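> kindly return the folded structure for what I paste below:
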Amino acid sequence: MSSFAPRDYPKLSTLPIISLAPYLSPHDGKGRISTAAALHAACLQYGFFYLDISAYVSPEEPEELTRLAQEFFMLPQKEKEKIALKYQDGARGYARLAENVTNGKADNHEGIDLLRPVEHPDKTRPLWGENQWPSIPGFREKYEVWIEKMKHLGLIVMQAMADGLGLTAEEWAELRSQVDDSFYVMRIIGYPPLPTNYDGFSCGAHKDYGCLTFLYADPTRGALQVYLRQKGLLIKESNNIRAEEHIEDGMWINADPMPGCMVCNLGEMWEVWSNGLYKSTLHRVLHTSPNYRVSIPFFFEPNFDAVVKPLPAALRLQEGTSTPASAQKARANVQKIYEPVVYGDFLKRKVENNFTTSVQDGDED
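Presented below is the predicted three-dimensional model:
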């Protein structure tokens with residue numbers, strides 16, 4: 001059976017499964033209320049969830065993208081290096097094995113990075129170069145179709161999250177204007193098996209720094225791991241977790257591929273929008289299986305010039321008020337209000353530091 005084809009979900013799972021189907025139908029008002037509430041609960045508690053998109057894309061589409069990725073990664077190293085990062089702005093193109101660094105250690109993966117095209121490209125400016133594409137037939141065309149679908153998916157999920165937070169129509173229009181020209185990042189990542197006694201990870205523990213991450217991965221289990229802080233949330237046993245890292249206030253769990261679903265998680269910009277109600281959750285990759293694993297994350301980000309700041313609806317929730325008119329009086333009761341962030345500036349700092357800078361000084365990473 002296809003790894004992406006819809007089928008019955010397991011009875012036990014560590015992360016919630018949320019269907020987007022009501023937001024694909026213009027007439028399912030009750031379904032939208034349910035989906036928005038489920039998203040809100042998942043964002044409050046986990047920052048990670050499974051997004052059922054079986055009604056949105058056919059299973060063959062991401063499977064073909066995986067095949068194309070494998071074809072590229074199996075090329076001789078000299079061929080892959082023809083589109084190396086160094087030929088552009090240092091952010092677009094092929095990163096060789098162990099070139100990416102997280103928390104000061106080399107990650108055991110290779111990948112291709114594709115960013116939103118810009119007007120007047122200049123490879124001497126950070127993030128402002130041109131994308132580099134493999135010469136494999138059909139590669140660019142099929143990935144560009146996927147990118148468009150993921151951009152649209154981002155707007156759908158943002159609307160559902162806005163509904164869950166209780167944004168007014170005007171507030172949603174303002175939020176949408178901050179993401180309607182998303183400075184997205186499309187990554188295509190190849191993971192060879194982690195060498196025995198390797199001093200590091202396939203990808204070290206980090207938080208995503210933008211808005212929403214949509215991850216499709218091949219059927220490999222036991223690779224992507226999520227850190228849940230609350231006790232008692234592990235419903236089924238996870239393997240391949242380093243025992244010494246089951247620490248007191250939480251634990252690492254596997255977020256294995258789910259049929260018909262993508263894994264979705266929040267980036268740090270949602271911490272700002274929600275004024276800390278929602279958290280960007282630590283996650284990592286520890287790939288020890290013998291196969292070559294492929295994952296295809298799409299990072300749906302704010303516009304490059306977006307000024308990201310706490311949403312009035314999030315402040316109303318924290319203040320215990322229900323209307324914009326009564327919010328101002330209760331504002332003093334909110335212990336911390338996040339400072340505004342210009343996303344493009346924040347992104348530049350992140351890229352320069354390889355996941356080492358947090359959205360708010362002093363926050364954990």
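
> going along the chain, name the helices of the stretch 51-200 of the chain.
60-73, 77-80, 139-165, 169-176 (DSSP state H, counting those that start in this stretch).

> got those helices as a markdown table, with mean neighbour count and distance to Trp133 columns?
Glycine gets a C-beta too; all of them are placed from N, C-alpha and C. Output for the helices of the stretch 51-200 of the chain, formatted as a markdown table (neighbours: other CB atoms under 10 Å; distance: least, CB to CB, whole Å):
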| stretch | mean neighbour count | distance to Trp133 |
| --- | --- | --- |
| helix 60-73 | 18 | 10 |
| helix 77-80 | 13 | 12 |
| helix 139-165 | 18 | 4 |
| helix 169-176 | 14 | 30 |
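
> let's have those in TSV, adding mean pLDDT.
Shown next, in TSV, are these (pLDDT from 0 to 100):
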stretch	mean pLDDT
helix 60-73	97
helix 77-80	98
helix 139-165	98
helix 169-176	98
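
> got CSV for these, with distance to Val272 too?
CSV is the format used below for these (distance: least, CB to CB, whole Å):
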stretch, distance to Val272
helix 60-73, 30
helix 77-80, 37
helix 139-165, 13
helix 169-176, 12
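
> for those, which one sits closest to Asp52?
Of all the helices of the stretch 51-200 of the chain, it is helix 139-165 that lies closest to Asp52, at 11.9 Å by CB to CB.

> got the angle between the closest one and helix 169-176?
Orientation check (axes from the mean of the first three to the mean of the last three CA atoms, to 10 degrees): helix 139-165 against helix 169-176 gives 150 degrees.

> ok, back up a step: out of the helices of the stretch 51-200 of the chain, nearest to Ile18?
It's helix 139-165; of the helices of the stretch 51-200 of the chain, that one is closest to Ile18 (CB to CB) at 8.6 Å.

> name the helices or strands packed onto that closest one?
helix 21-24, helix 29-45, helix 60-73, helix 169-176, strand 185-191, strand 212-217, strand 293-300, helix 312-319 (3 or more CB pairs under 8 Å, 6 or more residues apart in numbering; DSSP states H and E).

> avg pLDDT for the next helix or strand after the fifth one?
Going back to what we said before, that points to strand 185-191. Downstream of strand 185-191, the first helix or strand assigned by DSSP states H and E is strand 203-206. Strand 203-206 carries an average pLDDT of 93.

> show residues contacting strand 203-206.
100, 102-103, 105, 107-109, 189, 191, 227, 282-285, 355, 365 (CB atoms under 8 Å, 6 or more residues apart in numbering).

> pull out the buried residues from those.
100, 102, 107-109, 189, 191, 227, 282-285, 355, 365 (16 or more other CB atoms under 10 Å).

> centroid residue for this structure?
The centroid of the chain falls nearest to Thr213 when counting by CA atoms, centre = their mean (1.8 Å).

> for it, give its distance to His206.
Distance of Thr213 to His206, given as CB to CB, to the nearest Å: 11 Å.

> could you list the low-confidence segments of the stretch 101-250 of the chain?
230-249 (pLDDT under 70).

> which residues touch Tyr23?
Contact partners of Tyr23, counting by CB under 8 Å, 6+ apart, are Arg32, Thr35, Ile156, Gln159, Ala160.

> between these, which is nearest Phe72?
Ile156 (29.4 Å).

> can you give me the distance of that closest one to Cys261?
On the measure of CB to CB, Ile156 and Cys261 end up 15 Å apart.

> likewise for Lys350?
For Lys350 relative to Cys261 (CB to CB), the value is 27 Å.

> so Trp252 touches Tyr227, yeah?
Yes. In terms of CB atoms under 8 Å, Trp252 counts as a neighbour of Tyr227; the distance is 5.5 Å.

> joint contacts of the two?
Arg284.

> check which helix or strand Lys350 maps to.
helix 343-353.

> let me have the contacts of Tyr23 in a markdown table, extended by distance to Pro16.
Output for the contacts of Tyr23, formatted as a markdown table (distance: CB to CB, whole Å):
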| residue | distance to Pro16 |
| --- | --- |
| Arg32 | 17 |
| Thr35 | 11 |
| Ile156 | 17 |
| Gln159 | 19 |
| Ala160 | 14 |
